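[1] sequence and computational prediction follow.
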Amino acid sequence: MAAAGAGDTATSKLELIMGRDGLARLASSAVMVLGVGGVGSNCVEALARGGVGRLIVVDHDVVQPSNINRQAIAFHSTIGRKKVDVARAMIADINPDAQVEALDRFILAEDVPEFLDAYAGRVDYVVDAIDTVSAKLAVAQYADAHGVRLVSSMGAANKLRPEAFRFADVYDTVNCPLCRIMRKEARKRGIRRLRVLYSCEQPVAVPVRAGAERRERSNLGTASFVPPIMGQMIAGEVLCELAGVGGRDGAGGAACGKAEGGARA
């Protein structure tokens, strides 16, 4: 194995693209990730690798065998362990200087205002990777009312095409069953805006197993690559905004400019 160069550090490649000032801003930033599942755990990993100085991770679940296909914290060696404990160990191994709060708790809709009030002024960004609609709405309502920077993950299940992911306001989304529910309920609650990452791909039809009970038919399929890509994309959004780099266009995508190839013959 080649010896590391004198300038080879965990952040040397980051500094080239984020800049020294950007890295300093990230090191002094705090990000809260609600839910450490398929999307959340991969987002946490990228935030830790991206130099965020303080991470608050919240979940009340344990690692299960069915998590192994998509979660950054799920291995045969971690089955049965608290997700937040595994996430904390992962962050420490990536960035020993990071401060980590690992909160083993459910995010219940009725508890959201009091919970987020306790972090008022101490968190720079919130990532919603929660499964429950009521809790997602409560977080969105709080963020909208209090000016908290929030990005919310929409459905990853029954999706296969990474190129279909989009950042948008929830009111401008298409082909996403979860977004449809969120839009309807957000209007009722007077939520003015909610930035989401969603897929505009039509959900893949999953066959129902013969003899399955009604409750089993709601099981959703998840590809190994979809939640990780979503988590990484959300982390990218957060990291670039906190570092003050990588502008985006009005539709929420990268400003790519015009195609360079010209017309085809």
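    Ah, there it is. Numbers count the residues shown, from 1 in each chain.
[2] tell me where the stretch 1-150 of the chain has strands.
    Assigned by DSSP state E, counting those that start in this stretch, the stretch 1-150 of the chain shows strands spanning 30-34, 54-59, 99-104, 125-128, 150-153.
[3] how distant is the last one from the center of its chain?
    Okay, so that is strand 150-153. 7 Å (Cα atoms, centre = their mean, to the nearest Å).
[4] then the second one?
    The chain centre lies 12 Å from the centre of strand 54-59; the measure is Cα atoms, centre = their mean.
[5] below-threshold pLDDT in the stretch 101-250 of the chain: ranges please.
    Within the stretch 101-250 of the chain, the stretches with pLDDT under 70 are 205-219, 247-250.
[6] where's the nearest residue to Arg161 once chain neighbours are set aside, which helix or strand?
    Leaving aside its sequence neighbours, Arg161 sits nearest to Glu201 (Cβ to Cβ, 6 or more residues apart in numbering; 4.7 Å). The way it works is simple: take the backbone N, C-alpha and C, and place the C-beta from them, glycine included. Assigned by DSSP states H and E, Glu201 belongs to no helix or strand.
[7] OK, contacts around Glu201?
    Counting by Cβ atoms under 8 Å, 6 or more residues apart in numbering, Glu201 makes contact with 159-161, 164, 175.
[8] now mean neighbour count and distance to Ala223 too, for the strands of the stretch 1-150 of the chain, in JSON lines please.
    Formatted as JSON lines, the strands of the stretch 1-150 of the chain follow (neighbours: other Cβ atoms under 10 Å; distance: least, Cβ to Cβ, whole Å):
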{"stretch": "strand 30-34", "mean neighbour count": "24", "distance to Ala223": "21"}
{"stretch": "strand 54-59", "mean neighbour count": "24", "distance to Ala223": "22"}
{"stretch": "strand 99-104", "mean neighbour count": "15", "distance to Ala223": "28"}
{"stretch": "strand 125-128", "mean neighbour count": "25", "distance to Ala223": "21"}
{"stretch": "strand 150-153", "mean neighbour count": "24", "distance to Ala223": "15"}
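[9] okay, those strands in CSV with distance to Ala24 next?
    Shown next, in CSV, are those (distance: least, Cβ to Cβ, whole Å):
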stretch, distance to Ala24
strand 30-34, 14
strand 54-59, 14
strand 99-104, 16
strand 125-128, 16
strand 150-153, 23
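[10] contacting residues around stretch 20-34?
    Everything outside stretch 20-34 that qualifies as a contact, by Cβ under 8 Å, 6+ apart, is 11, 14-15, 18, 40, 43-44, 47, 50-58, 97, 107, 119, 122-130, 135, 139, 238-239, 242-245.
[11] gap between the nearest residue to Ala140 once chain neighbours are set aside and Asp169?
    Once flanking residues are discounted, Ala140 sits nearest to Leu194: 4.7 Å by Cβ to Cβ, 6+ apart. Remark: distance between Leu194 and Asp169 (Cβ to Cβ, to the nearest Å) = 6 Å.
[12] do Glu185 as well
    In terms of Cβ to Cβ, Glu185 sits 15 Å off from Asp169.
[13] so which of the strands of the stretch 1-150 of the chain is nearest Ala87?
    Closest to Ala87 of the strands of the stretch 1-150 of the chain is strand 54-59 (Cβ to Cβ; 4.8 Å).
[14] partner strands of that closest one and their direction?
    strand 30-34 (parallel), strand 99-104 (parallel) (DSSP bridges).
[15] how far does the longest one sit from its chain's centre?
    Remark: strand 99-104 is offset 16 Å from the chain centroid, using Cα atoms, centre = their mean.
[16] same check on the first one?
    With Cα atoms, centre = their mean as the basis, the distance from the averaged C-alpha position of strand 30-34 to the chain average is 9 Å.
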